[in-house]
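> the sequence and its predicted three-dimensional model are supplied below.
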Amino acid sequence: MKLKAIILMGLLAISFSCTEEDLTRLDPNRVTPENYFQTAQQMESAVLSAYSTLRSGPIASRWYFFINDMRDDQHMPTSSLTILLSIPGGNANATDNEMREHWTALYLMVHRANTALDGIATNTTVDEDVKNSLAAEARFLRGWAYNEIATLWGGAPIYTSRLISLDGFKPRSSREEVFAQAQEDFRFAAENLPPSRDDNSLGRATRWSALGYLGRSYMETDNLAEARTALEAVVASEEFSLVGNFGDLFTEENAFTSESLFEVVYAPIGDYNWNGFATGDGTDSKSVRAQEYGKAWRNVAPTSALINLYENELAGCDYTDPRLRETVIFDGDTYANGTEVFNDARPNSPAIDYHGTDVNASWYKYEVYYKLNPGDFYTSTTNYILMRYADVLLLLAEIEAREGNLEAAKGYANQVRQRAGVPDLDDSCVPAASQEEVIKAIIDERGKELASEAIRARDLRRWDRFGVIDAADYLSYWTDRELLLPIPLQEITTNTEISQADQNPGYN
Amino acid sequence: MLYSLQKSVCLTLLLCLLCSAAWAQQAVTGTVTDGDGFPLTGVNVLVVGSSSGTVTDLDGAYSITAPDGSMLRFSYIGYLAQEIEVAGQSVIDVVLGNDANVMEEVVVVGYGSQRREAVTGAVSSIDAEEVSALTVSNLGEAIQGRLAGVQVTSGGSPGAAPIIQVRGIGSISFGSGPLYVVDGVPGAGGLNQFDSRDIQSINVLKDASATAVYGSRASNGVIIIETKKGANTDGIHLSLESTVGVQTQPRRYDLLNTEEYIRYAEVFNGAPIPRAIDGGLDAETYPGSGQSFRETNTDWQDAIFQTGLITQNSLHLTGGNDRSTYFSSFGYLKQEGVVKGSPYERFNFRINSEHKISEDGRFKFGQTLLLVNDERGIQPTLGGRQLFLQAIQSLPYQPIENPNNVGGYSGAASGLDIADPGNPVLAVNLLENRDRVYKMLGTAYLSYEILDGLEAQAFVGGNYQNFQNYNRVPVYQSTSPNNNNTVAENRNTTFSPIYRGLLNFDRLFGNHSINAVVVGEVQNSFYSPLALTVTQPNPDLDVLEGGADLRVTQNALAGNESTLRSFVTRVTYGFQGKYYATFSFRRDGSSIFAPGYQTANFPAGALGWNISEESFMEDSPFSLLKARASYGRTGSIGLGPYAFQDPIISTNGPVFGGSNQPSISFINSLANSELRWEITDMLNIGLDMGFFNNRLNFSMEYYDRQVDNLILNVALPPSAGVGTTSQNIGALKNNGFEFQGQYYGNPSSDFQWNVSANLSTNSNEVLRLANEDDVIEGNNDIEFTGSYNSTITRAGDPVYSFYGFQTNGIFQSQAEVDEAAFQNDLTAAGDLRFVDQNGDNIIDAADRVIIGKYLPDFTYGFNFNARYTNFDFNVFFQGSQGNDVYNGVGSLLSQTQRLFNVGTTVLDAWTPQNTDTDVPRIIRDDPNNNRRVSDRFVEDGSYLRLKALTVGYTLPLGEGGALSNLRLYLTGQNLVTLTGYSGLDPEIGGALSQTGFDNGDYPTARSFIFGAQVGF
């Protein structure tokens, strides 16, 4: 017995206590970056992750359009959604959550693009052309983010590689430096991105996306000549044309039109992406854009300034701009192919003046009223256009007008007007004789054509900044601080390189 | 280094095993009687220093094999223990004298037990009777208020884990609950799964000298739970204990009724709400209801509260002979809870046994096995909002039901009502969310006494747990409809095997006593999860099978494994029973950390002096006087495996070309490969006193606990692209006193009674965060805090202090607004005036200050037991003093940002006519953010609770009947709570960092319970 016991105990003691295996355990589920970037496919998936954030809640799926639209003269808030309490009317504050989320997500795009760029740079086995093309795509997305950051906040930290240690925080660079970074990224992208995408990759940036945004970015820094070069290259490519029917641009059925330079893709996969709100990750791929501006949330309504901007028989023209009713819908209008009468489900907003009468108006652009009644909750799959050819043409028109080439300017503007179904400027009720009148006509044309596409607010600020208009004529609450948003307080408190003294003027 | 140490341990073990030489064994028999000559049944007879022992039978007889030269220890509750040297005797009869000293004579410490007088650390114990005094689903609740230094905050809902803190908060980033060692298996916790009536004893190791043998997991204290063992009885003892009762929660918030609400809504809206226009309120609530909105007055709180059944039933089988003993039990517990939709149910089965394999008793085998299955309903949320919040905010003019809606429940119409509360009754009835655990915890050991006093043990244990969360949201129409019948299951399996080799040596050599233990141990953990969601197209089906749109939750497939490898030793040396010194050492190696950072040492030392044993104390009034001091180091780790790696994450992301959703990959962390354990260094000074032959005894402890290397999530600038990273950078300290005292009434009289009380103080201070001026703000729940965080952790203050604005009355006029520091463009008369702390004439985030602390100044318990003839009586109070509660619900009850139902306080809101009030004006959107985190909602959360009141009666049964014992009793739990707190319940559990923040926490229930104990 005793012997047995001894042997047993001895064996147990050995087997239980004397394993010599190494303690190190590496995560079997994942790889580390040092081991990751082996193939083009891996690099590509790292690049594509930045698109995920582009479509996230804090950017294209929610805050991007609120933050941009609500700071113009064409939108008014009609609910107490917190972002609507802070962003419109000059109420922005450094502690605003949604604004901080927008900033954070834009930098998440930068981080993801940088992760891809760092990985691509370390790879020595994949073909250089493939790597350049992928790097160009990452730089386009990084440039896109920096362009937005500089537009909204001016100066900001610039990271061109992934942060890997705690002593690598960046201070605030100037507005010009951030735009310069964006423009450098766009230029590299324009040189190295492919001119087109195959059917499975539609929605990914092309050379023309980069050139279009390079043009926009130069407009923000008032480099009209460089902007013209970039935008003319888009025109000269002959890759783009205006879609025949203006309203067709914003329907679920029409994606990747001949007019689109860059758009965010939504698809009938899953639901709206609440789970991946901050990052855009996950399968859910629908959009609440229609819901936000229309039935049944209707957080936003159009203003009188918008509906009275269109050339209208009620204002003495002998025609009415068809874009008015492609952009807004009035109570009492029929919709859903004439089967429904519009009776706004959320009447808690004031009636607005429509050439002397009071109307209740809602947004029509990006809604699905063209085909159905969305009911109480509708997540749409309409792609969200970030830049389109009409914008290119109107930016060129603006450049020509501001440089005094009025005929060239009108030529560009008339292309857009013809598609819209309104007479050329010279035959219209819009005065367009003097340079001042042509510039004003183009300012208004942009307001009519691009309404509610997150462009008006930046246009107003850009024009005010460079003396084209006085924004106070458009925004009653205007003071110069409205040129920029406040740097989020969290950035100031956590970034050792930034202090309260770096805050934008007029904010605390 | 570790490996070589391990090797040497193994070698030592082997050597000892191989070189074993037989020491003489002596069979000893005898009887144990009391002073009057009556035999004592169930007296513990133990060979000192070993785990071999027996109990006396009905005739008081025992039989044990003991090494010659060893000591036998005879102990029995209520009697003075005796130790007698075997010294060749084969018959030892013992007479035990009465004694009031009920303190456990042998104290279970890590990897063994020690005689109370040799204990140099701080150890608190409670026995089976106290553990099972209450009918509760979670064992943690059973020890609330009973142990000095152990603070328990109940989670409220049935089966919700309470927060248990031993000697304060020891971590900032991680839960700082203690390590649970159940039947020798560290980390076997999940206290729901243990039946309180299976428990033999709970010992809490508090100071470093006691805990350091558990090394890297011991910083927050160690709770050692031993389950019942068998006994050498005459035949099989079958006993049954059943309790059944009801639980209620009578308190309610005062909310607006329909008539008041309609008035309020009009003031809020500045005009009648759309529902109130054109006779909308006089319309039927739904076609066919026969009742208008105006006539409806729904009490949404009553609709979700209920009187719930609670019952706990246990069947125990105890038996054995001189070679084998066993204990087996079956338990069933069901608790419906006081809120609908939160039931808890448990089945548990246990078998424990011990066997002497060899006749001489030196070779032994023992095992424990627990099989348990429990299910817990999770209080549902609707639209991400808590149930109580929905019940408070629901509109009183809305009916509960609407048969015209799919699912049958009403909903608000956001257009007509301007408010969109979810229907809480829908939530409790239609939404299913429950956790189910299947658990198997088993241990087995073989031990062999190689030499007298030297025992070797091989121990294996396994903890297997299968967790399933089931979540179903059926199709319904209500405030916001749900169009998909979704079913989700989140399952995971954890398996943690443990292997241990142990050598124990316990001998007396004249004046010298040595107790030493050497342990080698490996514990692994394997975790594998799976989480799926489907949309089930058939509304009748509530299973995953056949579901469409099958989705795997991101990261829900990532299993992990970890290993903890340890060497432990402890040596206690005693001289003349007066002076004791203990040294312990543990070296842990963990796979959680990066290579080069995987091991750490945890040493501790202690001294004890039994002053009362000194000759100069002979004439003193002390029957016991002992001083103790200890100092040592322990660690803790809340990190999961692989935290040192920066992994590439892959998932789905954007769509291209209409339907192509390629995989994306990214990094969302900034890993720190230098992470290490959080470290506690603790000093403990203790004093034990006994008077009147220990009928009155008293212990006090002082501890000073310095925690360093705290892992903190260091917030990165948002521009860094990664939210946070972790660093071993923080430090905090806890110190406090603990007092525990007992007095036993005269044990020989008919009226027997005893009283015990304990009190613990704790003061917590954060010493260091990542940077000097760093603050960690937390607990932002926009529904309750109005966009501000409610807690702050910063150097110089206690962790998670409440942080917000100080208020200074209400602006009575625009002139006052203009004169005061600028708050907001829209600030007007009737708004709150906040204090401009920094004097910059602007009220902003910089004007926030600490406005309260949730940590109490002290917690205490008071227990009184009495027995007179066949009656027994127990009363138990428990309380907390000096803690604040942030009344988040109070903020909800007075918010006017959005239209919802609110508390009746708004009826007294400021208006130009009603200026003598502290309730700000009713103003839509609350532009001044009156509901922001402020001292307005900080309340004193001190309370004293009559936790239990029990009256029992034991029926006098004659010999030879079917029943050997029958006791009936009535217990009231939580009968009375004295508090100044205005919410439902001052005891606010929840996540640690939200402790003391009342966001509609599940209130403690009052229970009335009838019980019967039957022995067959």
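Cool, the structure landed.
> every contact and neighbour count from this point should use C-alpha atoms.
Will do.
> now do the helices in the stretch 351-500 of chain A.
A:389-402, A:406-420, A:435-449, A:456-465, A:489-494 (DSSP state H, counting those that start in this stretch).
> do you know the pLDDT at the residue of chain B most remote from its centre?
Relative to the mean C-alpha coordinate of chain B, counting by CA atoms, centre = their mean, the farthest residue is B:Asp278 (55.4 Å). With respect to pLDDT, B:Asp278 scores 86.
> that one and B:Gly384: what is the separation?
Separation of B:Asp278 from B:Gly384 (CA to CA, to the nearest Å): 34 Å.
> then B:Asn652?
In terms of CA to CA, B:Asn652 sits 24 Å off from B:Gly384.
> with A:Thr357 instead?
Distance from A:Thr357 to B:Gly384, by CA to CA: 43 Å.
> which SS state does the residue farthest from the centre of chain B fall under?
With DSSP: H, G, I helix; E, B strand; the rest coil as the basis, B:Asp278 sits in helix.
> ditto for B:Ser447
strand.
> spit out the contact partners of it.
By CA atoms under 8 Å, 6 or more residues apart in numbering or on different chains, the residues touching B:Ser447 are A:Met9, B:Arg362, B:Phe363, B:Lys364, B:Phe365, B:Glu455, B:Ala456, B:Gln457, B:Ala458.
> let's see it at 10 Å
With contact set as CA atoms under 10 Å, 6 or more residues apart in numbering or on different chains, B:Ser447 has these partners: A:5-6, A:9, B:51, B:356-357, B:361-366, B:455-459, B:501-503.
> go on, B:Pro274?
Counting by CA under 10 Å, 6+ apart, B:Pro274 has contacts A:Pro347, A:Asn348, B:Glu266, B:Gly280, B:Leu281, B:Ser414, B:Gly415, B:Leu416, B:Asp417, B:Ile418.
> tell me the pLDDT at it?
pLDDT, B:Pro274: 90.
> A:Leu141 versus that one, what's the distance?
Taking CA to CA, one finds B:Pro274 at 47 Å from A:Leu141.
> repeat for A:Ala156
17 Å.
> those two: who's more crowded?
A:Leu141 (30 against 23; other CA atoms under 10 Å in any protein chain shown).
> part of a helix, is that one?
Yes: A:Leu141 forms part of a helix when assessed by three-state DSSP.
> with adjacent residues omitted, what lies nearest to B:Thr318?
Excluding its sequence neighbours, the residue lying closest to B:Thr318 (CA to CA, 6 or more residues apart in numbering or on different chains) is B:Phe327, at 4.6 Å.
> the one you found bridge partners, please.
B:Thr318, B:Asn352 (DSSP bridges).
> and it, what does it touch?
Per CA under 10 Å, 6+ apart, neighbours of B:Phe327: B:198, B:227-231, B:236-237, B:316-320, B:350-354, B:368.
> mind giving me the ChimeraX select for those residues, buried ones only?
In ChimeraX syntax, the buried subset of the contacts of B:Phe327 is picked out as below (16 or more other CA atoms under 10 Å in any protein chain shown):
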select /B:198,227,228,229,230,231,236,237,316,317,318,319,320,350,351,352,353,354,368
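> could you list the low-pLDDT ranges of the stretch 251-400 of chain A?
For the stretch 251-400 of chain A, the stretches with pLDDT under 70 are A:345-348.
> so which bits of the stretch 901-1016 of chain B are right by chain A?
Near chain A, the residues belonging to the stretch 901-1016 of chain B are B:Arg924, B:Asp925, B:Pro927 when assessed by CA under 10 Å from any CA of the partner chain.
> could you dump those residues to a markdown table with distance to A:Pro431?
Conversion of those to a markdown table gives the following (distance: CA to CA, whole Å):
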| residue | distance to A:Pro431 |
| --- | --- |
| B:Arg924 | 45 |
| B:Asp925 | 43 |
| B:Pro927 | 43 |
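> looking at those residues, which one is closest to B:Val131?
B:Asp925 (51.2 Å; CA to CA).
> residues in contact with the closest one?
Taking CA under 10 Å, 6+ apart as the test, what B:Asp925 contacts is A:Ser79, A:Ser80, A:Leu81, A:Thr82, A:Leu85, B:Phe268, B:Asn269, B:Gln895, B:Thr896, B:Gln897, B:Arg898, B:Leu899.
> flag whichever of the residues you listed scores worst on pLDDT.
A:Ser80 (78).
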